[in-house]
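Visitor: prediction below, plus the sequence it came from.
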Amino acid sequence: MRIVFISDLHSNIYAVEALDKELKNKSYDYIYCLGDIVGYGANPKKIVDWVIENADFSLRGNHDTLISDAEPIDMHNPYTLKAAYYNMEVLEDRHKDYLKSLPKDFDMI
């Protein structure tokens, strides 16, 4: 069985496009996303939609937790907070609900 592990996409459309291109030439059974789907990049909607459509399983990273308001989390880095506010504005409720629904670790499965 072949599993592709991805993480820290951080709303980066260029990374996901490169990943998509690479995966077309590979044989795999599952894609597991280890979190931080959203974050610093400018395309959070496209990235969340890609994960919904392609990942067989995903965890919720700290950026996903912050942006979806899944639970209280302290983030003091001003760049992280600026990106989070942008992501919160851009994402639709369905995207935030998806992020919020993800387990934050394997113990929650």
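Guide: Sure, I can see it. Numbers count the residues shown, from 1 in each chain.

Visitor: wait, what's in contact with the residue nearest the centre of the chain?
Guide: What sits nearest the mean C-alpha location of the chain, by CA atoms, centre = their mean, is residue 37, with 1.3 Å. By CB atoms under 8 Å, 6 or more residues apart in numbering, the residues touching residue 37 are 9-11, 44, 47-48, 51, 58, 61, 63-64, 99. No exception for glycine: its C-beta is placed from N, CA and C like everyone else's.

Visitor: in strands only, show me those.
Guide: residue 58 (DSSP state E).

Visitor: from the contacts of residue 37, pick the one nearest residue 18.
Guide: Nearest to residue 18, judged by CB to CB, of the contacts of residue 37 is residue 9 at 11.0 Å.

Visitor: near that closest one, how many other residues are there?
Guide: Other residues lying near residue 9 total 27 when counted by other CB atoms under 10 Å.

Visitor: top of the contacts of residue 37 by neighbour count?
Guide: Going by other CB under 10 Å, residue 44 tops the contacts of residue 37 with 31 neighbours.

Visitor: my guess is it contacts residue 89. True?
Guide: No: at 9.6 Å, residue 44 and residue 89 do not qualify as touching, with contact defined as CB atoms under 8 Å.
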